[in-house]
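Novice: structure here, sequence nowhere to be found:
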């Protein structure tokens, strides 16, 4: 138990020592996620475009697979159609 706790403490302290080095990178990444993902303000044009991109990318990936799952993209496709209709009505 002591050996495991000692090793865990060493790993934790090592990771904490890396924090100052990587903190600017983490903050930069978080800023980009906050700005472009649409997660924090889901009712914007960018957010809707991000959801559309996500859904068509899922369909695109499934279509690129050599063995496709029967009926896989059905719900995704209906979701994509809903988002496209919403986008076309809100932002003509």
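Specialist: Perfect, thanks for sending it. Source: prediction; values computed, not measured.

Novice: use CA for all of it now, contacts and neighbours both
Specialist: OK.

Novice: what's the spatially most central residue of the chain in contact with, if anything?
Specialist: In the chain, the centroid-proximal residue (Cα atoms, centre = their mean) is residue 37; its distance is 7.5 Å. Counting by Cα atoms under 8 Å, 6 or more residues apart in numbering, residue 37 touches 46, 47, 50.

Novice: counting neighbours, which of the residues you listed comes out on top?
Specialist: Neighbour counts for those (other Cα atoms under 10 Å) peak at residue 47, which has 18 neighbours.

Novice: so that one is in contact with residue 41, correct?
Specialist: Yes - under the criterion of Cα atoms under 8 Å, residue 47 makes contact with residue 41 at 7.2 Å.

Novice: can you give me the buried ones in the host helix or strand of residue 89?
Specialist: Assigned by DSSP states H and E, residue 89 belongs to helix 74-90. Using 16 or more other Cα atoms under 10 Å as the test for burial, helix 74-90 gives 79, 80, 83, 84.

Novice: could you look up the SS state of residue 42?
Specialist: When classified by DSSP: H, G, I helix; E, B strand; the rest coil, residue 42 comes out as coil.

Novice: got a pLDDT number for it?
Specialist: Residue 42 carries a pLDDT score of 75 in this model.
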